[in-house]
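A.B. asks: Quick one, fold the following:
(4 chains)
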Protein chains: 2
Amino acid sequence: MIDVEKTKSEIVEIAREIFAKFGFKKTTMDEIAKAIKKAKSSLYYYFQSKEEVFQAVIEQEADLLREKIEKAMSQEDTPQGKLRAYVITRMKALRQLANFYSALKDEYLENFKFIEKFRRKYDEEEIQTISKILSDGVKRGVFNVKDVEMTALAILIALKGFESWIFQGNIRWSEKDIDNLLDVLFYGIVKK
Amino acid sequence: MIDVEKTKSEIVEIAREIFAKFGFKKTTMDEIAKAIKKAKSSLYYYFQSKEEVFQAVIEQEADLLREKIEKAMSQEDTPQGKLRAYVITRMKALRQLANFYSALKDEYLENFKFIEKFRRKYDEEEIQTISKILSDGVKRGVFNVKDVEMTALAILIALKGFESWIFQGNIRWSEKDIDNLLDVLFYGIVKK
DNA sequence: TTTTCGACCGAAAAAACAAACTGGTCAAAA
DNA sequence: TTTTGACCAGTTTGTTTTTTCGGTCGAAAA
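C.D. replies: You can find the predicted model right below:
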């Protein structure tokens, strides 16, 4: 009982690599099992299905991202700083996760309920994070936002737009570019 | 010679409907031909290939969109008004073109050079349009934009983000919502 | 001279079918 | 408690055969 968790995380760790390389569909349970030198059926002692393994991998990856963002944000003090940290950390991390992320997104099997479900959940989470930054800024009197939730959603959507633009390999954004864009978000384009 | 153009546009019109319904791949030249009560080989008197027919359809569709946007923008006077007209007209039109647009995008044959080429060309065109609005605003002293091209690109990317969000059917944006977002773009979120 | 058409071609896609694979179960072994 | 090989049923894959489809061409309409 004591090392069930240990074996589980061992499985997840290996599975993460293989999934990242081949995607969900082309990864077989047998591969994963052999990689940890067990029989395929052993995996089913720890996980109920292939989906559940994948879910665990995704969850772990999300935890990591969450952690990074949390840390970067906590080092900032102003709402502007936090928002900037959020955007930049998110972009950098996602760039690193590119191969894994594409295995998730690109895989021609988007029509998996659990992936859709996870994405929805994580989207919601991100909106909450952004909303919190925004309403905190409003509370502190530095932001002026009419509809916090809607604006947070808009920011997220825009971020996702940039994201997919990056994955298409269309352009490389430097940190300076991003700062430029954040300037637009912060101060708008209308001259004061 | 006189009604060559007439027949051509007749073909394009019919082809547009069929392409919109079945996408590029699943539409056959025979179908198109039969729909205008001609033999397949007759089509090749007017167009050199299936691709060329498709290209003509897309070009026509783009012309229509261009026209709509042009008209809406010309009715506005201020740079803000023009940008707003641009964004709203674009979104509305794209929503109407949804079925056709999805045939273009969704079709699992993105790997067609000419589609990619067209998209690149149209992207470039849109960036130029937005850039023009922005630099005009700067010239008139109402906008304050550091890097016009980059900002234009950013706006376009954000728009595309919203676009795909819409096509995913995730949300319906009211005109009021869009105005809210434009407010962010115009004035930023930082309190003055 | 301009336009339409049926016959035809080669490459590509669909259909059909057998063989191999894979997610998942289970009773037994360790 | 944990691991395992044998096993099953539904897919996927590899292969062969058939059909479809984009495109050409020479001849018939007009």
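A.B. asks: how many neighbours does the residue in chain A positioned nearest to DNA strand D have?
C.D. replies: Closest contact between chain A and DNA strand D, by CB to the nearest atom of the strand, is at A:Ser41 (2.7 Å). The C-beta positions use only the backbone N, C-alpha and C, and glycine is treated the same way. A:Ser41: 9 surrounding residues under other CB atoms under 10 Å in any protein chain shown.
A.B. asks: and it, what element?
C.D. replies: Using DSSP states H and E, A:Ser41 sits within helix A:40-46.
A.B. asks: For that helix, name the packing helices and strands.
C.D. replies: If you count contacts as 3 or more CB pairs under 8 Å, 6 or more residues apart in numbering or on different chains; DSSP states H and E, helix A:40-46 packs onto helix A:4-26, helix A:29-35.
A.B. asks: For A:Phe47, see how far away the residue of chain A closest to DNA strand D is.
C.D. replies: According to CB to CB, to the nearest Å, A:Ser41 and A:Phe47 sit 12 Å apart.
A.B. asks: A:Phe54 now?
C.D. replies: 9 Å.
A.B. asks: The two - which one has more neighbours?
C.D. replies: Taking neighbours as other CB under 10 Å, A:Phe54 and A:Phe47 compare with A:Phe54 leading, 22 against 19.
A.B. asks: And the pLDDT at the more buried one?
C.D. replies: In this model, A:Phe54 is scored at 93, pLDDT.
A.B. asks: That one: which element?
C.D. replies: helix A:50-74.
A.B. asks: Determine the set of other helices and strands touching that helix.
C.D. replies: By 3+ CB pairs under 8 Å, 6+ apart, helix A:50-74 packs against helix A:4-26, helix A:29-35, helix A:79-96, helix A:113-139.
A.B. asks: So what angle separates the directions of the third one and helix A:50-74?
C.D. replies: For helix A:79-96 against helix A:50-74, the angle between stretch directions is 140 degrees (axes from the mean of the first three to the mean of the last three CA atoms, to 10 degrees).
A.B. asks: What about contact with chain B: does helix A:79-96 have any residue there?
C.D. replies: Yes: using CB under 8 Å from any CB of the partner chain, helix A:79-96 reaches chain B at A:Gln80.
A.B. asks: And that helix, what's buried?
C.D. replies: A:79-80, A:82-91, A:93-94 (16 or more other CB atoms under 10 Å in any protein chain shown).
A.B. asks: How about the longest one?
C.D. replies: Neighbour-count burial for helix A:113-139, counted by 16+ other CB under 10 Å, picks out A:115, A:118, A:126-127, A:129-131, A:133-138.
A.B. asks: Looking at those, which is nearest A:Thr27?
C.D. replies: Checking those against A:Thr27 with CB to CB, the nearest one is A:Ile115 at 14.2 Å.
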